[in-house]
Structures are given as C-alpha cells and as structure tokens.
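> I would like to see how this sequence folds:
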Amino acid sequence: MDWEISTMRWKMLWALGALLVLSGCASVRLIESDVNSYSQWPTTRAPGSFRFERLPSQQAQAAEQDAVEAAALPALQQAGFTLAANGASAEFLVQVASALTRYDRAPWDDPYPWGWNTGLFYGGRYHRGASLGLSFSVPQPYYVRDVSVLIRDARTQQVLYETRARHDGRWADEAVRATLFEAALKDFPQPALSPRRVRIEIPR
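Predicted coordinates:
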C-alpha cells in the first residue's frame, strides 16, 4: 500500500512538472529570423544621435511609416543610438522599411482541406497514404514579414551599415515587427555571418 501511494505521488509530481513546463512554453513565442548584415562601420566610431529619413513613397504614407519607425526605435536605442531632438544636428541618417505579405495558407497546408482524401490529418499536418478519411485541418493565414535598416553618415552620406531580417509564420502583430528590427541589429556594428538565423523569445 505504501509503495502504491508513493508511486501515485511521483506520478502526480511528474504531471504537475509537465504542466508547469507546458504553461511556461505557452507564455512565450520563439521568433526565428533570417538576417543579413553588411558593415563599413569605422572601428573607432561610436553610435550617436540620428534622425529618420524617408523615401518619397514613405512620405506619402506617413501614418504607416510612423508605425514602422516606432517599431524600429527600441532596437536602435539598444544598439546605442539616440533620436536627435533637433534633426539638423543628427550624426546619422537612418532609413527603415517594413513589408508584410499574407497568404491564405502555409506552404505545408493541404490545398484541399475539406473532403475525402487518402491520408489523415493529425498534429496540424497532412499525412498522405495513411488511410481513407475525412480532412479536419482548416488552413490558417501565413505571413512573411521583412524589415530593413540603412544607416548613413549625415555629413558624408556614406552608407555605414545595412541589415535586413525576414520571418515567416502565423503571427503578424506589431511585437513581431519590433522583434525583427531587434534581430536585424543584434550584432551591430559587426557584419557577422550572412545569412544567419537569429532566435528571440517574446511574450505571447
């Protein structure tokens, strides 16, 4: 009897531990980005004040560009830059861009989610050749998001740093865009290996 009670206690503790692990995993998202960076940054120069610079197309969509720059600002500050109170006195010019492409389904989703098929759906994926059955998977939107940062010397107009990041997945919220800018500037001012995979966890 004591042995059975002890075994039950161990099973309960194991189940509780597994539940805690799962709840911890559910509280964060892992954002994986493919990053390419190219640097001509002088080794003796430190980051300083900057102002955002906009292309004519970005000026025409001022509200959207405001949101892009707001998403990029924390990553730039983390890299050591400060937004100039007076744009004319800025040491650097920073141009940021963001693009989002939406697809009805992910590349691995079945194009015919409803109806009879010669496979089974489980684990959110389609497995062909398992048996004859009815499809139960409903495709969800799939997004590809790109961001880019270009940093130039305000006096000489020389490009000092260029970096891009791309992420594809089910999420398209502002937190993902900000995380992409963080990934893009992760190794600043080093050129680092391009392309490379950067992984950052953020709250759900």
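
> and the gap between the nearest residue to Thr101 once chain neighbours are set aside and Arg45?
Excluding the flanking residues, the one nearest Thr101 by C-beta to C-beta, 6 or more residues apart in numbering is Val144, at 4.6 Å. For every residue, glycine as well, the C-beta is placed using N, CA and C. As for Val144, its distance to Arg45 is 34 Å (criterion: C-beta to C-beta, to the nearest Å).

> Which parts of the chain are helices?
Taking DSSP state H as the criterion, the chain contains helices spanning 2-26, 56-60, 62-78, 174-184.

> My guess is Leu30 contacts Arg199. True?
Yes - judged on C-beta atoms under 8 Å, Leu30 makes contact with Arg199 at a distance of 6.0 Å.

> Next, the contact list for Ile200, please.
Going by C-beta atoms under 8 Å, 6 or more residues apart in numbering, Ile200 touches 30-31, 33, 179, 182-183.

> Quick check: beta-bridge partners of it?
Ile31 (DSSP bridges).

> again, but for Thr82
Ser49.

> repeat for the one 10 residues further on
According to DSSP bridges, the residues that bridge with Phe92 are Phe50, Asp153.

> coming back round to it: enumerate every residue touching the residue nearest to Thr101.
Per C-beta under 8 Å, 6+ apart, neighbours of Val144: 100-101, 103, 166-168.

> Who wins on neighbours among those?
His167 (23 neighbours; other C-beta atoms under 10 Å).

> Wait, that one touches Val176, no?
Yes - counting by C-beta under 8 Å, His167 does reach Val176; the two are 6.4 Å apart.

> mind showing which ranges of this structure have poor pLDDT?
Scanning the chain for pLDDT under 70 picks out 1-26, 108-138, 192.

> please redo it, this time with the cut-off set to 80
Residue ranges of the chain with pLDDT under 80: 1-26, 105-139, 191-194.

> Common neighbours of His167 and Val176, please.
Counting by C-beta under 8 Å, 6+ apart, the contacts common to His167 and Val176 are 31, 145.

> Tell me the spacing between Leu100 and Ala67.
Leu100 is 11 Å from Ala67, by C-beta to C-beta.

> what sits up against stretch 88-102?
Residues outside stretch 88-102 that contact it (C-beta under 8 Å, 6+ apart): 47-55, 58, 68-69, 71-72, 76, 81, 84, 141-155, 157, 160, 172, 177, 180-181.

> Now list the buried members of those.
Among those, those classed as buried by neighbour count (16 or more other C-beta atoms under 10 Å) are 47, 49-54, 58, 68-69, 71-72, 76, 81, 84, 142-143, 145-152, 154, 160, 172, 177, 180-181.
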